[in-house]
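**Student:** Just to be clear, the model below is a prediction. Sequence and coordinates:
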Amino acid sequence: GANKEESTTGSPLKLNAKLAINTTNLIDSHSDVHLKGIWNKSVKEQKNILLLQEHQMKFSSIIADNVQASVKKMAWKKLGFDFEGDTEVLIFDVEIDKERNEFMFYQYAKGYVKEHSVGMRYVKLELAINSESKWDEEEKAVWDKYINEIVNKEVAENQGYFWAVTEAKIVEGSAVVKGSNYATPVISIQAEKSLEEQKEEPSNDT
């Protein structure tokens, strides 16, 4: 069949990808700041997490369902962003199969996917307001607690508030054109060699 021809020409059928689905300590376009520890409980509990195309819960939009989700502390600079310090990255290690979603397979293979987004349910969040009013004492305490952990805190300072999210549930992760959190790149991606290519490689035995 077609697969045989493709593998002999050396065209990969699978990609192994490590994707940043979300990062903490950055104010996103919803005025949310995901704080360190937000994903720890969910990563342990959630099974059957999907990688989707643009948050669409449709068979034609599934990119992969063999997702290994984890949380890893990474320096912003290592992730490719010019912020000081580090962030907790929600990472999906995933095998992207060409037969599952050929269109998105090629978007990843050609390097067109630049951002991701997490489909989530809030569990714990608090409103933070930069206010001296006695009516806002609780919200000001939240502001004071977290403001200096936000790498782009000028956004919060300009608008005077943000939502501090300390726990959330992962429903899915998606490849998106523009994420509400832009610091969500492909960390690494490589083609799995076809069996023919593996056979053809000279062995290292001497």
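**Tutor:** Here it is on my side, so go on. Residues are numbered from 1 along each chain as shown.

**Student:** show me the residues around residue 72 that make contact.
**Tutor:** Applying Cβ atoms under 8 Å, 6 or more residues apart in numbering to residue 72 gives the contacts 88-89, 91. Using the backbone N, CA and C atoms, a C-beta is placed for each residue, glycine as well.

**Student:** partners of it in the sheet?
**Tutor:** residue 89 (DSSP bridges).

**Student:** distance of it from residue 96?
**Tutor:** Taking Cβ to Cβ, to the nearest Å as the measure, residue 72 and residue 96 are separated by 20 Å.

**Student:** Can you pull out the low-pLDDT segments for this structure?
**Tutor:** In the predicted model, the chain carries pLDDT under 70 at residues 1-10, 194-206.

**Student:** and with 50 instead?
**Tutor:** Along the chain, the parts satisfying pLDDT under 50 run over 1-8, 206.

**Student:** show me where it has helices.
**Tutor:** Applying DSSP state H to the chain gives helices spanning 2-8, 40-45, 76-79, 102-109, 137-146, 153-159, 195-200.

**Student:** As TSV, those with mean neighbour count would be great.
**Tutor:** Formatted as TSV, the helices of the chain follow (neighbours: other Cβ atoms under 10 Å):
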stretch	mean neighbour count
helix 2-8	11
helix 40-45	13
helix 76-79	15
helix 102-109	16
helix 137-146	16
helix 153-159	13
helix 195-200	11
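
**Student:** now the ones you listed in JSON lines, with distance to residue 60?
**Tutor:** Shown next, in JSON lines, are the helices of the chain (distance: least, Cβ to Cβ, whole Å):
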{"stretch": "helix 2-8", "distance to residue 60": "20"}
{"stretch": "helix 40-45", "distance to residue 60": "26"}
{"stretch": "helix 76-79", "distance to residue 60": "31"}
{"stretch": "helix 102-109", "distance to residue 60": "9"}
{"stretch": "helix 137-146", "distance to residue 60": "40"}
{"stretch": "helix 153-159", "distance to residue 60": "36"}
{"stretch": "helix 195-200", "distance to residue 60": "28"}
